[in-house]
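Trainee: Could you look at this predicted model? Sequence included:
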Number of protein chains: 4
Amino acid sequence: MSPRRARTRAAGVAWNAAGVADLSELRGLMRRFSDERDWGQFHDPKSVLLALVGEVGELAELFQWLPADDARRLAESDPLRTRAGEEMADVLLYLVLLADVLDIDLADAARRKLADAERRFPPASVTGQAPERP
Amino acid sequence: MSPRRARTRAAGVAWNAAGVADLSELRGLMRRFSDERDWGQFHDPKSVLLALVGEVGELAELFQWLPADDARRLAESDPLRTRAGEEMADVLLYLVLLADVLDIDLADAARRKLADAERRFPPASVTGQAPERP
Amino acid sequence: MSPRRARTRAAGVAWNAAGVADLSELRGLMRRFSDERDWGQFHDPKSVLLALVGEVGELAELFQWLPADDARRLAESDPLRTRAGEEMADVLLYLVLLADVLDIDLADAARRKLADAERRFPPASVTGQAPERP
Amino acid sequence: MSPRRARTRAAGVAWNAAGVADLSELRGLMRRFSDERDWGQFHDPKSVLLALVGEVGELAELFQWLPADDARRLAESDPLRTRAGEEMADVLLYLVLLADVLDIDLADAARRKLADAERRFPPASVTGQAPERP
């Protein structure tokens, strides 16, 4: 584990620079970005979803031929580290945009889904077995 | 625009309940969820990426046959609204997990990518034209 | 409908140049391509699947911002027509490769799946209603 | 290698039952299936593409948590073998449908793409190194 990771783990959660919720901040930035270019007209759900698929594809291309057991280590160094961050950022931004278009609170939906997964997969019954979807 | 949306837009950004960064909070929740079930052993990057692809597929299934122009309105009502939120939550959770596995700061990567897109697509030259990827 | 399409429709099915099954021919070509480069070592199922995802992503990027009602017409002309053919070819080739790796007869599986869909969706009960998955 | 696979490899290519090109046959079957249900109205390119994404997602779910080195062996037995065949069949059928909607000859496009890949990746220069996209 890298020192940086260990530190974050110790802290539990971190604040961003402004102390505001990341996803709300990113939603605001995406709105401004889109408004300044008059691109909202292109953002119907199916189009944004296909854009998200495109970015997931670019992320997949970075990892497809790496040995599974070595992929994590290889992603610790550049250029893969930076490229992976960029493609994951694109996936997140389109997800935030889609949530905004659909007026869905993404953070709230994620908390609910995880709470539901905790109920469906009691640790006692699944520990160490290949997970089902969370 | 729904009242809820108008309110959020007015506020610009919102704090979550604890006033902490959403993505860090979700990362912490996912770590605990995974640790309690000893599932970290399954979370190599290619596996998590395929799980993300699976959730994107489920999201796509919700929208595939909807008329493009009507999809946003149809997603204002249940059951589509709730289902879309759940699948988007799953996509986000696996993205957060992948970022954690790769020790990538997702919020920071997204801010950088958006700043880069602002430079590459000056509003004066692209306004109202079909966007390129942000 | 283009003349070419009308002709094919009239003929029902067409033979390829050698009169052999397309998918078997493509499988043979992919085997030779891979063998000549000693690439079989990289073709575990999860890797090939991620490569397929990458190509689906590239296909999605071609269509994402096109107006839904106009996408078909726009794909009649180049450069979109050629680009779409290339990306669909890549998706098919990786699907053929994955089927070969898994020793699955793709054409047979498709015929069975379609026969099953015909039973599950009797025309009388679904005509003109948004389809479920075939 | 299973006996069945060895046999097919020996034969090089196989004919289907009717001796016609698989992809043309499947296109014909999909046309009839769609016509009988009046589903052509739903088959704009972006909708079919999202349906394809949905099926790729279902395929990914089958493999996501399998150990990479063991996935091929595990797919030799049921239920995974049958499930994988079904999901790959769905991907192929939507790809065939999309090609039909766009009036693209899928087999021809695949042969061209592979011939192009053979030129771009001369065996002498890439043998045994992680492949680029074909």
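Mentor: All right, it came through fine.
Trainee: buried residues in whichever strand or helix holds A:D116?
Mentor: Take DSSP states H and E as the rule and A:D116 turns out to sit in helix A:106-120. When neighbours are counted by 16 or more other CB atoms under 10 Å in any protein chain shown, the buried residues of helix A:106-120 are found to be A:L106, A:A107, A:A109, A:A110, A:R111, A:K113, A:L114, A:A117, A:E118. Every residue, glycine included, has its C-beta placed from N, CA and C.
Trainee: quick check: mean pLDDT across that helix?
Mentor: Taken as a whole, helix A:106-120 has a mean pLDDT of 95.
Trainee: and it, what does it pack onto?
Mentor: With contacts defined as 3 or more CB pairs under 8 Å, 6 or more residues apart in numbering or on different chains; DSSP states H and E, the packing partners of helix A:106-120 are helix A:22-37, helix A:80-101, helix B:22-37, helix B:80-101.
Trainee: coming back round to it: can you list the buried residues of helix A:106-120 in TSV and add distance to C:D44?
Mentor: Rendered in TSV, the data for the buried residues of helix A:106-120 read as follows (distance: CB to CB, whole Å):
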residue	distance to C:D44
A:L106	34
A:A107	36
A:A109	34
A:A110	31
A:R111	36
A:K113	30
A:L114	31
A:A117	28
A:E118	32
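Trainee: closest point of chain A to chain C, which residue?
Mentor: Of all residues in chain A, A:G57 sits closest to chain C, at 1.3 Å by CB to the nearest CB.
Trainee: Apart from its chain neighbours, what residue comes closest to A:V101?
Mentor: Ranked by CB to CB, 6 or more residues apart in numbering or on different chains and with sequence neighbours excluded, the top spatial neighbour of A:V101 is A:H43, at 5.4 Å.
Trainee: Tell me the residues of chain A that contact chain C?
Mentor: By CB under 8 Å from any CB of the partner chain, the part of chain A that sits against chain C consists of A:42, A:44, A:46-47, A:50-51, A:53-58, A:60-61, A:63-65, A:68.
Trainee: and A:L102, what is it in contact with?
Mentor: Applying CB atoms under 8 Å, 6 or more residues apart in numbering or on different chains, we find A:L102 in contact with A:P45, B:R72, B:A75, B:R81, B:A84, B:M88.
Trainee: what's the neighbour count on A:L52?
Mentor: In terms of burial, A:L52 registers 27 neighbours under the definition other CB atoms under 10 Å in any protein chain shown.
Trainee: Remind me which helix or strand it belongs to.
Mentor: Taking DSSP H and E as the definition, one finds A:L52 inside helix A:45-63.
Trainee: now that helix and helix B:45-63, what's the angle there?
Mentor: Computed with axes from the mean of the first three to the mean of the last three CA atoms, to 10 degrees, the direction of helix A:45-63 lies at 170 degrees from that of helix B:45-63.
Trainee: In three-state terms, label A:Q129 for me.
Mentor: For A:Q129, the assignment made with DSSP: H, G, I helix; E, B strand; the rest coil gives coil.
Trainee: Give me the spatial nearest neighbour of the residue minimising distance to the centre of chain A, chain neighbours excluded.
Mentor: When chain A is reduced to its mean C-alpha position, the closest residue under CA atoms, centre = their mean turns out to be A:L92, at 4.7 Å. Distance criterion CB to CB, 6+ apart; nearest residue to A:L92, sequence neighbours excluded, is B:A110 at 5.0 Å.
Trainee: which intervals of chain A have sub-threshold pLDDT?
Mentor: Low-confidence segments of chain A, defined by pLDDT under 70, are located at A:1-20, A:132-134.
Trainee: what residues does chain A put near chain D?
Mentor: Checking chain A against chain D by CB under 8 Å from any CB, the hits are A:46-47, A:49-50, A:53, A:61, A:65-69, A:130-131, A:133.
Trainee: one more time with 6 Å
Mentor: Within chain A, the positions lying close to chain D (CB under 6 Å from any CB of the partner chain) are A:K46, A:V53, A:W65, A:A68, A:A130.
Trainee: Quick one: residues contacting the second one.
Mentor: When you say that, I think you mean A:V53. Counting by CB atoms under 6 Å, 6 or more residues apart in numbering or on different chains, A:V53 makes contact with C:G57, C:A60, D:V53.
Trainee: at 8 Å instead, please
Mentor: If a contact means CB under 8 Å, 6+ apart, then A:V53 has B:V56, B:A60, C:V56, C:G57, C:A60, C:Q64, D:V53 as its contacts.
Trainee: What of the fourth one?
Mentor: By CB under 8 Å, 6+ apart, the residues touching A:A68 are B:D44, B:K46, B:S47, C:D44, C:K46, C:S47, D:P67, D:A68, D:D69.
Trainee: now do 6 Å
Mentor: Under the criterion of CB under 6 Å, 6+ apart, the contact partners of A:A68 comprise B:D44, B:K46, D:A68.
Trainee: Could you export these as CSV, including distance to B:E25?
Mentor: Listed next are these as CSV, based on distance: CB to CB, whole Å:
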residue, distance to B:E25
B:D44, 24
B:K46, 26
D:A68, 31
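Trainee: Near A:L95, how many other residues are there?
Mentor: Residues near A:L95, counting by other CB under 10 Å, number 26.
Trainee: List the residues that contact it.
Mentor: A:L95 sits in contact with B:V91, where contact means CB under 6 Å, 6+ apart.
Trainee: cool, and A:D90?
Mentor: Residues counted as contacts of A:D90 (CB under 6 Å, 6+ apart) are A:E55.
Trainee: Please tell me how far it sits from D:L106.
Mentor: Taking CB to CB, to the nearest Å as the measure, A:D90 and D:L106 are separated by 29 Å.
Trainee: hang on, isn't the residue of chain A closest to chain C packed against C:A51?
Mentor: No: A:G57 lies out of contact with C:A51 (CB atoms under 6 Å); the separation is 9.9 Å.
Trainee: Show me the contact partners of the helix holding A:D116.
Mentor: Where contact means CB under 6 Å, 6+ apart, the residues beyond helix A:106-120 that reach it are A:L23, A:A99, A:P134, B:N16, B:D22, B:L26, B:L29, B:G85, B:E86, B:A89, B:L92, B:L93.
Trainee: which of those lies closest to C:A124?
Mentor: Of all the contacts of helix A:106-120, C:A124 sits closest to B:E86, with 33.3 Å by CB to CB.
Trainee: Now the closest one: closest residue in space, sequence neighbours ignored.
Mentor: Nearest residue to B:E86, sequence neighbours excluded (CB to CB, 6+ apart): A:K113, at 5.8 Å.
Trainee: How far does stretch A:119-130 sit from its chain's centre?
Mentor: Computed by CA atoms, centre = their mean, to the nearest Å, the separation of stretch A:119-130 from the middle of its chain amounts to 24 Å.
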